[in-house]
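1. need coordinates for the following:
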Amino acid sequence: MNWILLIIAGLFEVAFAACLGKAKETTGTEMTYWYIGFVVCLTISMFLLVKATQELPIGTAYAVWTGIGAVGTVLFGIFVFKEPATFWRLFFITTLIASIVGLKVVSH
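-> Below you'll find the predicted structure:
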């Protein structure tokens, strides 16, 4: 169950990064809504991370959480914000995914 909470926390990390990206593209009231979304997603992400680390090793949990956030944010940037999908970006994202899976496999 803690791994599921950690994955959801990582997805909310992607969401708060996406909210920052969208806030940068907007102005006025719409920008305010994106910043409110950022704060809500950040709060949920941190709460779930705290809950997950009550049972999981902090080093592993934090690395997986940031890894999910990093991979998800890069992919979100590629698909939504039309950021470049170069060979090296995709290569290093793949190695990051392999590292996250490896940490999960070796954690007790």
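
2. use CA for all of it now, contacts and neighbours both
-> OK.

3. which ones are touching the residue nearest the centre of the chain?
-> Closest to where the C-alpha atoms of the chain average out (C-alpha atoms, centre = their mean) is Gly69, at 1.8 Å. By C-alpha atoms under 8 Å, 6 or more residues apart in numbering, Gly69 lies in contact with 10-11, 13-14.

4. got a markdown table for these, with secondary structure too?
-> Below are the contacts of Gly69 laid out as a markdown table (DSSP: H, G, I helix; E, B strand; the rest coil):
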| residue | secondary structure |
| --- | --- |
| Gly10 | helix |
| Leu11 | helix |
| Glu13 | helix |
| Val14 | helix |
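
5. quick one on the thing from earlier: any idea how far Thr27 is from the residue nearest to the centre of the chain?
-> According to C-alpha to C-alpha, to the nearest Å, Gly69 stands 25 Å off from Thr27.

6. repeat for Met46
-> Taken as C-alpha to C-alpha, the span from Met46 to Thr27 is 27 Å.

7. and those two? which has more neighbours close in?
-> Neighbours per residue (other C-alpha atoms under 10 Å) separate Met46 from Thr27, with Met46 holding more: 17 against 12.

8. if I look at the more buried one, how far off is Thr86?
-> To Thr86, Met46 is 31 Å away according to C-alpha to C-alpha.

9. cool, thanks, signing off.
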